[in-house]
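Colleague: Model the structure of this input:
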Amino acid sequence: MNWPGATHGLMRIVAALILIPHGYQKLFGIGERGPSGDVRSLVAATIELVFGTLILLGLQTRWAAFLCSGLMAFAYWLVHGPRAFLPYVNGGELAMLLCFVFLFLWANGPGDWSLDAVLAKRRKSS
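Modeller: Model (predicted):
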């Protein structure tokens, strides 16, 4: 078994599965908080749902991961950063971690377990 390829794909899938519910929460109020009504939250929720799903599937992963990395940096500095500088104090650990996971996916691609890999193999064999 190709452990590096498998763990790369699992990291992508788990990161997307962590991101996507945040979009549902913002749009539909699932979870502890009600739906967010401000424009900034609606844009973030749309990015989390649409591009999180693309990352989950491994489709157009580099572009989706680049956008989600920026979103997580934005979330860290605009939402968590004003509370305190350090992530363990301001509650921004998840945003910071996801920012760098998505940056990794942008730089390294989706891995073997992805629709991007399947499409690349089909193009190569044609």
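
Colleague: After the lengthiest helix in the chain, which helix or strand is next?
Modeller: Identified as the longest helix of the chain according to DSSP state H is helix 3-28. For helix 3-28, the following helix or strand on the C-terminal side (DSSP states H and E) is helix 39-57.

Colleague: counting contacts, what elements does that following helix pack onto?
Modeller: On a contact count with 3 or more Cβ pairs under 8 Å, 6 or more residues apart in numbering; DSSP states H and E, helix 39-57 meets helix 3-28, helix 61-75. To be clear about C-beta, it is placed using only N, CA and C from the backbone, and glycine gets the same treatment.

Colleague: Enumerate the positions of it that are buried.
Modeller: Within helix 39-57, the residues that qualify as buried are 41, 44, 45, 47, 48, 49, 51, 52, 54, 55, 56, 57, counting by 16 or more other Cβ atoms under 10 Å.

Colleague: If we go by neighbour counts, what in stretch 81-90 is buried?
Modeller: Result for stretch 81-90 [16+ other Cβ under 10 Å]: buried residues 87, 90.

Colleague: For it, measure first residue to last.
Modeller: This stretch, stretch 81-90, spans 7 Å end to end (Cα to Cα, to the nearest Å).

Colleague: Please work out the average pLDDT along that stretch.
Modeller: The pLDDT scores in stretch 81-90 average 93.

Colleague: most packed of the helices and strands packed on helix 39-57?
Modeller: Between these, helix 61-75 has the highest mean count of neighbours, a mean of 20, where neighbours are mean count of other Cβ atoms under 10 Å.

Colleague: Quick check: next helix or strand after it?
Modeller: Moving toward the C-terminus from helix 61-75, the next helix or strand (DSSP H and E) is helix 87-90.

Colleague: Give me the residues contacting that next one.
Modeller: Applying Cβ atoms under 8 Å, 6 or more residues apart in numbering, the contact partners of helix 87-90 are 76, 80, 81, 82, 83, 84, 93, 96.

Colleague: Dump these into CSV; add distance to residue 67 as well.
Modeller: Shown next, in CSV, are these (distance: Cβ to Cβ, whole Å):
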residue, distance to residue 67
76, 15
80, 19
81, 20
82, 23
83, 25
84, 27
93, 21
96, 17
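
Colleague: Max pairwise distance over those: which two?
Modeller: Greatest spatial distance among these (Cβ to Cβ): 82 and 93, at 16.0 Å.
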